[in-house]
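3D model of this:
(one chain, ligands or ions: 1)
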Amino acid sequence: MKDTDIAATAKALVADGRGILAADESTGTIGKRFETINVTSTADSRRAYRELLFTTAGVGEFVSGVILYDETLRQSAADGRTFVDVMKAQNIMPGIKVDTGAKPLAGSPDETVTEGLDGLAERFKEYAKLGARFAKWRAVIRIGSGLPTPYCIDVNAHALARYALLCQEAGLVPIVEPEVLMDGDHTIEACDRASTDTFHAVFQALHQQGVALEGMLLKPNMITSGKSAAKQASVDDVAAWTVRCLKRTVPPAVPGIVFLSGGQPGKLATQHLNAMNANHGPLPWKLSFSYGRALQDQALKRWKGAKENVAAAQAALKLRAKLNSAASLGRYRSDAEAA
Ligand code: 13P
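Sure, this is the predicted structure:
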């Protein structure tokens, strides 16, 4: 393992004003997204949609990396260039989702453990050959009555660290994603407790297993109220709670923290990121984005599977990426939304 190379890649992924586009929806998940716009999910419709995203002119100014699903890493644009080459031409690094999903956790019926460690070292070798520079593994933690259990947090933290070290040994930067779900009517305090316990356990496991913190990124949830809670925390509260939780749990050796959007509307996810960077600095790590839905939702809605809508969809993606770039620097202004 060349620690200096992966540290440089990790830093580059969170260079000033840049963040990550998560476009690694599994075949099942992208199918559900396509259903909302009445598009049938086929290898070719998925390819066409991803081509729209990756060929958006100038998006590389705001996006340093894109997380892909296995199928997409192997696909090509209509002009014959591989998607990997399309991204390189935009100065965007290709990344790969390597977990195989959250599966029922034995002994705790309402919780899951993320699988995908079997054969992972071999898969990393192939992904590196195909051009991937970084990877992602998502653990899912649910808040509920008596949940999360320490057992669930523990097994997921252990698997995240196993993945992260295998990833670094293959020369790729691991994005470590412990997602405490927004689902439920819990308070922001409950989210803070579950997230603090989770992030502590994750960094304990990373330390025990020898993961180089300089060569990784953390992809956490923000500290928010539950999605269906009657009382929703304000933007300023979410920013303050999130920064405090991260300061308590994430060592400064980690170069960057790139948030997931977790079902937040696009504008709100931008506002939250901006409030953290505008009002809580200086911070020991970069705070940026690795949004899926918050970056893609408008683009998907405009596209509707039609060629004639590609330009409008690309404009929506580029604007959202630009606004999040501004938020990563604490310079977002809501009047720029109208552009
Ligand atoms: P969302 O931003 O839609 O939560 O997706 C990010 C992601 O990569 C989830 O694993």
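
what pLDDT, on average, does stretch 306-313 get?
Across stretch 306-313, pLDDT averages out at 98.

List of residues touching it?
For stretch 306-313, contacts defined as C-beta atoms under 8 Å, 6 or more residues apart in numbering pick out 52, 298, 299, 300, 302, 303. For every residue, glycine as well, the C-beta is placed using N, CA and C.

Need the per-residue pLDDT for the fourth one.
Okay, so that is residue 300. 98.

ok, now the first one?
Per-residue confidence at residue 52 stands at 98 (pLDDT).

Show me which of the contacts of stretch 306-313 is closest to residue 213.
residue 299 (33.8 Å; C-beta to C-beta).

give me the number of residues near the closest one?
25 (other C-beta atoms under 10 Å).

can you give me the strands in the protein?
19-23, 63-68, 93-97, 102-105, 108-114, 134-141, 173-180, 217-218, 256-259, 286-291 (DSSP state E).

restrict the contacts of stretch 306-313 to those near the ligand?
With C-beta under 6 Å from any ligand atom as the criterion, the contacts of stretch 306-313 include none near the ligand.

Pull the most distant pair out of the residues you listed.
Top of the distance list for the contacts of stretch 306-313 (C-beta to C-beta): 52 and 298, 12.5 Å.

Mind listing the shared neighbours of those two?
Applying C-beta under 8 Å, 6+ apart, one finds that residue 52 and residue 298 are jointly contacted by 313, 317.

and this protein, which residues reach the ligand?
So the chain meets the ligand at 22, 138, 177, 260, 261, 262, 291, 292, 293, 294 (C-beta under 6 Å from any ligand atom).

May I ask you to confirm that the fourth one is in contact with residue 22?
Yes. Using C-beta atoms under 8 Å, residue 260 makes contact with residue 22 at a distance of 7.2 Å.

Look at the residue of the stretch 101-250 of the chain found nearest the ligand and say how many residues are nearby.
For the stretch 101-250 of the chain, the residue closest to the ligand is residue 138, as judged by C-beta to the nearest ligand atom, at 4.3 Å. Look at residue 138: counted by other C-beta under 10 Å, it has 23 neighbours.

The contacts of stretch 306-313 in helices, which ones?
Members of the contacts of stretch 306-313 lying in helices (criterion: DSSP state H): 52, 298, 299, 300, 302, 303.

what about the longest helix in the chain?
helix 188-209.

Which neighbouring elements make contact with that one?
When contacts are defined as 3 or more C-beta pairs under 8 Å, 6 or more residues apart in numbering; DSSP states H and E, helix 188-209 sits against strand 134-141, helix 150-169, strand 173-180, helix 235-249.

Let me know which of those is tucked in deepest.
strand 173-180 (a mean of 27; mean count of other C-beta atoms under 10 Å).

OK, contacts around the spatially closest residue to residue 103 that is not a sequence neighbour?
In this structure, residue 103 finds its nearest non-sequential neighbour in residue 115, 5.1 Å apart by C-beta to C-beta, 6 or more residues apart in numbering. By C-beta under 8 Å, 6+ apart, the contact list for residue 115 reads 99, 100, 101, 102, 103, 159.

Can you spell out which residues form a bridge with the fourth one?
What that stands for is residue 102. Beta-bridge pairing of residue 102 under DSSP bridges involves residue 114.

I'd assumed residue 137 was in contact with it.
No. With contact defined as C-beta under 8 Å, residue 102 does not reach residue 137; the gap is 10.6 Å.

Need the pLDDT of the residue of the stretch 201-339 of the chain found nearest the ligand.
Of all residues in the stretch 201-339 of the chain, residue 292 sits closest to the ligand, at 2.7 Å by C-beta to the nearest ligand atom. Residue 292 is assigned a pLDDT of 98 by the prediction.

go on, residue 4?
Model confidence at residue 4 (pLDDT) stands at 77.

how close does it get to residue 200?
Distance from residue 4 to residue 200, counting by C-beta to C-beta, to the nearest Å: 28 Å.

Among those two, which residue is more densely surrounded?
Applying other C-beta under 10 Å to residue 4 and residue 200 shows that residue 200 carries more neighbours, namely 15 against 10.

quick one: contacts for the more buried one?
Residue 200 sits in contact with residue 249, where contact means C-beta under 8 Å, 6+ apart.

With residue 15 instead?
Contacts of residue 15 by C-beta under 8 Å, 6+ apart are residue 64.
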